Every structure is written in structure tokens, then in C-alpha cells.
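Asks: Sequence first, then the predicted structure:
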Amino acid sequence: MAQYADIIEIIAPSEAVSGGRVDITVRVKNTYSAPIGVRVEAALDYGVSPQPGVIFPTDWANIDAQAVWPFSGYFYMPSQKVTVRAKSFWYGADGGWYADDEMAKTVNLGSSGQPIISDFRIADFIKV
């Protein structure tokens, strides 16, 4: 359980095609009794190092007490399933960011749905 910046959920598709853009939203609740600064970051865990990050155009916000804020971002799907590992941070009165909560969600590799060459067959032909 988070101290102040509780990750409520990660909204992402269950599968995506290799190379496709994957949009995600990390919803964070300020559980403190006053407005605070909250920041998010997320990394893609699929066996490479360093782990690539999710791009959040806006990665922090001042959130009112007990309010939920959606942080929207994206990444490009690698050629295998990936686990999105999100983290939240809160901003302290001393000017530092403090790690608070973590959550993970898996996005499986899907098919593009486009036919491959082996799917085509000649059904009939006439010699002219």
C-alpha cells in the first residue's frame, strides 16, 4: 500500500502487434490530506538491459487531496510480450521525490491479422 501516491490501475491493452504504438494510462490517487506533487515512471521488462521506458509527455502533476490523476503515455511494442512496471513518487517539502507505489501489467504479443504468403491458394485457372 502506498503512503501518498497510490497507483489505482494501469490501463493498457492485453495484446499488441510488434512495432505498434501501445497507449497506456497509469491512474494515481493522492491519499494525503492536502494537494501534493505526484510523478510516475514506467519501464518495459522483457529481458533487455537497460529496460526501455514508457514515454509520458506529462509525468508529474499537483493532485488535490483524495483525487485520482490519469498519466497517459505510450511505448512501441517489442517483438515479444512485455511487462509494464509502473512506479509512483511524491514530492516532499525538502524538494526531493520519494518512491511510493509499484504496479505491473503484462501486454502479450499479438498477430497483425494480415495474411501471409502461405495463406494464398490458386482455386482454379483456365489456360488461354
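Replies: Structure's in. What do you need?

Asks: Looking only at residue counts, what's the top strand in this structure?
Replies: strand 97-110 (DSSP state E).

Asks: What sits closest to residue 20 if chain neighbours are left out?
Replies: residue 77 (5.1 Å; CB to CB, 6 or more residues apart in numbering). For glycine as for every other residue, the C-beta is placed from the backbone atoms N, C-alpha and C.

Asks: about what we covered before: which parts of the longest strand of the chain are buried?
Replies: 97, 100, 101, 103, 105, 107 (16 or more other CB atoms under 10 Å).

Asks: from memory the third one sits against residue 2, does it?
Replies: Yes: assessed by CB atoms under 8 Å, residue 101 is found in contact with residue 2 at 3.6 Å.

Asks: Find residues that contact each of these two.
Replies: Counting by CB atoms under 8 Å, 6 or more residues apart in numbering, the residues touching both residue 101 and residue 2 are residue 88.

Asks: that older thread, tell me the one among the buried residues of strand 97-110 nearest to residue 20.
Replies: residue 107 (10.4 Å; CB to CB).

Asks: How about the contacts made by that closest one?
Replies: 12, 13, 14, 15, 16, 22, 77, 81, 82, 83, 84.

Asks: Who wins on neighbours among those residues?
Replies: Counting neighbours by other CB atoms under 10 Å, residue 82 leads the contacts of residue 107 with 25 neighbours.

Asks: Tell me how many other residues surround the residue nearest to that one when sequence neighbours are not counted.
Replies: Using CB to CB, 6+ apart and skipping residues adjacent in sequence, the residue nearest residue 82 is residue 46, 4.4 Å away. Residue 46 has 18 neighbouring residues, counting by other CB under 10 Å.
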